[in-house]
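**Q** Next comes the sequence, and after it the predicted model I'd like to discuss.
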Amino acid sequence: MVAAVKNSLFLKVLLVLAGLLIIGLRYLSEAQAAPVAQAYLVRQGDQIAVLIGETHFGGEFENSSFLEKVVKPVLAQKNAKIFAEGVWTEKVNPASNEKCLDHSTQRLDPIIADFRKAAKAANFTVPDAIEHYDSLPEMLLYQSALSTEYFIVYPPGISTKRAENRKKNLASFNFADYNSELAKTNQRSRIIGLDSPSQLWDNFCLEPKATREIIVADRLQSLVKLLRLVVEDPDLTSGLIKRTTRSVYYYTLACIDAAQPCTVEELSHLMEEPSAARTPLTIGAEYLSVVFPFLCTTRNITWASIISSNLKKHKKGVITVGSAHLADYRLNDTLYPGLISLLRKDGYRVTPIYTVNDIPAAFFEMSWSDKIRGFFN
């Protein structure tokens, strides 16, 4: 009887120890595999903002619990301005910029011909601006995300239902759509666009002729890849774009987490994996030294200035940009600053956000003036 009790007690102790061991191992595993931050707190004095890096094309971020538990509650704060990439209301007259356009060149003619061919195969009507090369659309000065919306999700000639299905296969949540919804309501005033067509044009016109040709060539070649992807995968179910952007997304966040610059060469390598060979994101060697600084670094510097000046005025904000803009990048012996470094240079303290608890309660509180304004709206 005594022996049985001792054996029973021994088994209970053994089970408790085993349970503690399992909990300890799980804790260690989770600690070692702790996720990188997907957003950052930007703070200086009474100024406070949440900086969010996203993928543009959808993927794990847009489908994660982080989106529901952190991003959406942050965006719901009506007294916070939204600093958004790729949002503008300004109209630009292309004719005013023709001084820096090189209409027909030996380098661009075959690329434009390739674009027309790809567009025809995809039953896509080539915009007059490209067909006649009378002007350079802003999308060529921007990045593939806008081109995806225009050339893949909503091309002319497909039904609204099919377009919506394509969109679902790219992303479940899209900041551009969210900002568009705000623009339809009385919250339009919350949006502060980080991109300006005239600023893009000015930056483009400052570049040497050879650089401008490389930029236009790269943008057109990206559109060719997009159009060929439409032919191969009409409903965008292969996941090629998502897999590529997932790799880039986590690579850039890991660089920030390790307080080290990413390398443009590694970014190129990730985009040129065999599984991504058909995506519009493949980067050529010339992109590394020319297009990357133009589309990423130059815009980062402009954005940091816009964010800093407006946060001083409005005190609270949400910043949504592509994750590749957050990290520093090294190319050969040159270091290109990311948005986080530029904000720190402006005196802001930038710290990682892992859960909503990393955001001070002050961010979710409304001032009396905001409450009064909200009462009358």
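**A** Received it, and whenever you're ready, just let me know what you need. Here the structure is a predicted model, which is why all the values come from computation and not from measurement. Numbers count the residues shown, from 1 in each chain.
**Q** residues near the closest residue to Val291 other than its chain neighbours, how many?
**A** Leaving aside its chain neighbours, Val291 sits nearest to Asp218 (4.8 Å; criterion: Cβ to Cβ, 6 or more residues apart in numbering). Yep, even glycine has a C-beta here, placed from its N, CA and C like the rest. If you count neighbours by other Cβ atoms under 10 Å, Asp218 ends up with 21.
**Q** Take the one helix or strand Asp218 maps to, keep the C-alpha atoms, and write them as PDB.
**A** Per DSSP states H and E: Asp218 is located in helix 209-232. Only the C-alpha atoms of helix 209-232 are listed here, as PDB (Å, rounded to 0.1, in the frame of the first residue of the first chain):
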ATOM      1  CA  LYS A 209      19.300  61.700 -70.100                       C
ATOM      2  CA  ALA A 210      21.000  58.300 -69.800                       C
ATOM      3  CA  THR A 211      19.500  57.800 -66.300                       C
ATOM      4  CA  ARG A 212      16.000  58.800 -67.600                       C
ATOM      5  CA  GLU A 213      16.200  56.200 -70.300                       C
ATOM      6  CA  ILE A 214      17.100  53.500 -67.800                       C
ATOM      7  CA  ILE A 215      14.200  54.500 -65.500                       C
ATOM      8  CA  VAL A 216      11.600  54.500 -68.300                       C
ATOM      9  CA  ALA A 217      13.000  51.200 -69.700                       C
ATOM     10  CA  ASP A 218      12.800  49.500 -66.300                       C
ATOM     11  CA  ARG A 219       9.200  50.700 -65.800                       C
ATOM     12  CA  LEU A 220       8.100  49.500 -69.200                       C
ATOM     13  CA  GLN A 221       9.800  46.100 -68.700                       C
ATOM     14  CA  SER A 222       8.000  45.700 -65.400                       C
ATOM     15  CA  LEU A 223       4.700  46.300 -67.200                       C
ATOM     16  CA  VAL A 224       5.700  43.700 -69.900                       C
ATOM     17  CA  LYS A 225       6.200  41.100 -67.100                       C
ATOM     18  CA  LEU A 226       2.800  42.100 -65.600                       C
ATOM     19  CA  LEU A 227       1.000  41.700 -68.900                       C
ATOM     20  CA  ARG A 228       2.600  38.300 -69.500                       C
ATOM     21  CA  LEU A 229       1.600  37.200 -66.100                       C
ATOM     22  CA  VAL A 230      -2.000  38.000 -67.000                       C
ATOM     23  CA  VAL A 231      -1.800  35.800 -70.000                       C
ATOM     24  CA  GLU A 232      -0.200  32.900 -68.000                       C
END
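**Q** CA atoms only for the helix or strand that comes right after it - export them in CSV, please.
**A** Next helix or strand after helix 209-232 toward the C-terminus (DSSP H and E): helix 240-257. Once non-C-alpha atoms are left out, helix 240-257 reads as follows in CSV (Å, rounded to 0.1, in the frame of the first residue of the first chain):
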residue,chain,number,x,y,z
LEU,A,240,4.1,34.2,-57.6
ILE,A,241,3.8,37.8,-56.6
LYS,A,242,2.9,37.0,-53.0
ARG,A,243,5.8,34.6,-52.6
THR,A,244,8.2,37.2,-53.9
THR,A,245,6.9,40.1,-51.8
ARG,A,246,6.8,37.9,-48.7
SER,A,247,10.6,37.2,-49.0
VAL,A,248,11.3,40.9,-49.6
TYR,A,249,9.0,41.9,-46.7
TYR,A,250,10.6,39.7,-44.1
TYR,A,251,14.1,40.4,-45.4
THR,A,252,13.7,44.2,-44.9
LEU,A,253,12.1,43.8,-41.5
ALA,A,254,14.9,41.4,-40.4
CYS,A,255,17.5,44.0,-41.4
ILE,A,256,15.8,46.7,-39.3
ASP,A,257,15.5,44.2,-36.3
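**Q** Direction-wise, compare helix 240-257 with helix 209-232 and give the angle.
**A** 130 degrees (axes from the mean of the first three to the mean of the last three Cα atoms, to 10 degrees).
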